[in-house]
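S.K.: return atomic coordinates for the entry below.
(chains A, B, C and D)
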There are 2 protein chains.
Amino acid sequence: MQPDTTRQVLLNAAFHEIHHKGFQSASLTAILDKAGVTKGALYHYFGSKRALGYAVLEEVISDHLRTLWLDPLAETTDDPITQLKDCLIKAGEQLKDRDIRLGCPLNNLAQEMSPIDQGFRERTDVMYKLWLQTISSALQNGQQLGKVRKEIDPEETALFIVATLEGCMSMAKNAQDKAVLLQCGKGILNYLDSLGT
Amino acid sequence: MQPDTTRQVLLNAAFHEIHHKGFQSASLTAILDKAGVTKGALYHYFGSKRALGYAVLEEVISDHLRTLWLDPLAETTDDPITQLKDCLIKAGEQLKDRDIRLGCPLNNLAQEMSPIDQGFRERTDVMYKLWLQTISSALQNGQQLGKVRKEIDPEETALFIVATLEGCMSMAKNAQDKAVLLQCGKGILNYLDSLGT
DNA sequence: AGGAACATACCGACCAGTATGTATATCGAT
DNA sequence: ATCGATATACATACTGGTCGGTATGTTCCT
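M.R.: The predicted structure follows:
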């Protein structure tokens, strides 16, 4: 078996276990069972449980963020608000009921680990900053195109959008109900519309 | 020492340990050290770690919610939007920097436990529903008084407000920065204003 | 021959939970 | 009023199990 394959299988198993149980309660044994390898393999590729967690964040979760939000928003367009709404709708659609009950992987890890581990906090912080920056740029671009109201502060608005997104996911996760996600998403869509000219 | 006192000391220590580490990673030994009692006392009052967690939710955290949001909003007034803004501002003011890094106790527990423990989920769900219902009633009242726009759906709006609140707290917690909370809070205040007539 | 890629066996630490002991308060009977 | 009896309110000591981590193989490719 190729080294990259085993490493990837481990990362994938770790991502799912962490997504289900949280990092601290994620069991290495469970990850190894899921991956179908033994502890020797794990510690060959990752120096510690913490290093494994960092890798999940930097490689698996980071990829999700990129494909769902960063890459689509990076495409130049003449209507950033529609672009944002598309991202939101697409993200909502691809969520299965099971995913809703588990919540946003990035937010989960950030909430659990940022108060107790600097390494996690720094990494989640970088990802959030990237996210905010990308949305902020899209809004600025929209302002130049005359599609977004000039009065709004792009950075402040980007923060508010992401906060609302994560809050929306949190409420739906706790309610274990996709209807909550949709209802809350409607609120976001309305808000996004209110930014337009 | 009175029985109620010891129980209360335990609940308080448990609340803080759980707020810092999360429920699953909260150590009973650490709680006992903080409370200054021994395991015998704990298991005299609580049947299990889980029962202790439930009690923290139902007694400690529930009280916080009541004094910060439910009771103030239950007072009849002629301007619910100002009332909501006051709640938000007061809640923000009383948060110390340390509290921000720890996040909202209710949201923390809900996020961590609702996917893996029905008992926690049911209890957090009840509290969120109470919260939503209280805000929704206030908005309805505002509509009757002509202070809140008739077009908005009170329930949907209440959900959006709470989601935004929790998202705001989450972003500030991860950023470990009160400025983020204030900036995000400004977004909420603007949104609340937009609900008025 | 030597290193990369794993597997197996084992370790001390910590965990939630339990069994047992003990001091004190309460209370009915005398 | 006082003396057991019983229950309450804890403290102490211990248990089995799980945890992350490590030390030591073993296999295979170069």
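S.K.: all the helices of chain A, residue numbers only.
M.R.: Using DSSP state H, the helices assigned to chain A run over residues A:3-21, A:28-35, A:39-45, A:49-55, A:62-65, A:71-74, A:80-93, A:97-102, A:105-113, A:118-144, A:154-175, A:178-195.
S.K.: let's have the ones you listed in TSV, adding distance to DNA strand C.
M.R.: (Each C-beta comes from the backbone N, C-alpha and C, glycine too.) What follows is those, written out as TSV (distance: least, C-beta to the nearest atom of the strand, whole Å):
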stretch	distance to DNA strand C
helix A:3-21	3
helix A:28-35	8
helix A:39-45	2
helix A:49-55	12
helix A:62-65	21
helix A:71-74	30
helix A:80-93	34
helix A:97-102	23
helix A:105-113	16
helix A:118-144	20
helix A:154-175	23
helix A:178-195	31
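S.K.: reformat those helices as TSV; add distance to chain B and mean neighbour count.
M.R.: Output for the helices of chain A, formatted as TSV (distance: least, C-beta to the nearest C-beta, whole Å; neighbours: other C-beta atoms under 10 Å in any protein chain shown):
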stretch	distance to chain B	mean neighbour count
helix A:3-21	7	18
helix A:28-35	13	17
helix A:39-45	21	15
helix A:49-55	13	18
helix A:62-65	14	15
helix A:71-74	18	16
helix A:80-93	13	17
helix A:97-102	5	16
helix A:105-113	4	23
helix A:118-144	6	18
helix A:154-175	3	24
helix A:178-195	3	18
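S.K.: flag the shaky bits of chain A, pLDDT-wise.
M.R.: Within chain A, the stretches falling below the threshold (pLDDT under 70) are A:1-4.
S.K.: domain assignment for it?
M.R.: What automatic domain parsing lists as the domains of chain A is A:1-47, A:58-195.
S.K.: kindly reformat these as JSON lines and extend each row with distance to DNA strand D.
M.R.: Conversion of the domains of chain A to JSON lines gives the following (distance: least, C-beta to the nearest atom of the strand, whole Å):
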{"stretch": "domain A:1-47", "distance to DNA strand D": "3"}
{"stretch": "domain A:58-195", "distance to DNA strand D": "12"}
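S.K.: tell me which of those lies nearest to B:L95.
M.R.: Comparing these against B:L95 with C-beta to C-beta, the closest turns out to be domain A:58-195 (14.1 Å).
S.K.: what is the end-to-end distance of the closest one?
M.R.: End-to-end distance for domain A:58-195, by C-alpha to C-alpha, to the nearest Å: 32 Å.
S.K.: repeat that for stretch A:138-156.
M.R.: 13 Å.
S.K.: so what touches that stretch?
M.R.: A:73, A:76, A:78-81, A:83-84, A:132, A:136-137, A:157-158, A:195-197, B:183, B:186-187 (C-beta atoms under 8 Å, 6 or more residues apart in numbering or on different chains).
S.K.: hmm, 7 Å instead?
M.R.: Residues from elsewhere that reach stretch A:138-156 (C-beta atoms under 7 Å, 6 or more residues apart in numbering or on different chains): A:73, A:78-81, A:83-84, A:136, A:157-158, A:195-197, B:183, B:186-187.
S.K.: swap in stretch A:118-130?
M.R.: A:50, A:53-54, A:57-58, A:62, A:65, A:70, A:106, A:109-110, A:113-114, B:174-176.
S.K.: how about it as PDB, C-alpha atoms only?
M.R.: Coordinates of each C-alpha in stretch A:118-130 appear next as PDB, following Å, rounded to 0.1, in the frame of the first residue of the first chain:
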ATOM      1  CA  GLN A 118      -3.100  27.300  21.100                       C
ATOM      2  CA  GLY A 119      -2.200  25.200  18.100                       C
ATOM      3  CA  PHE A 120      -5.700  24.500  17.300                       C
ATOM      4  CA  ARG A 121      -6.700  28.100  17.900                       C
ATOM      5  CA  GLU A 122      -4.100  29.400  15.600                       C
ATOM      6  CA  ARG A 123      -5.100  27.100  12.800                       C
ATOM      7  CA  THR A 124      -8.800  27.700  13.000                       C
ATOM      8  CA  ASP A 125      -8.200  31.400  13.300                       C
ATOM      9  CA  VAL A 126      -6.200  31.400  10.000                       C
ATOM     10  CA  MET A 127      -9.100  29.600   8.300                       C
ATOM     11  CA  TYR A 128     -11.700  31.900   9.600                       C
ATOM     12  CA  LYS A 129      -9.600  34.900   8.700                       C
ATOM     13  CA  LEU A 130      -9.300  33.500   5.100                       C
END
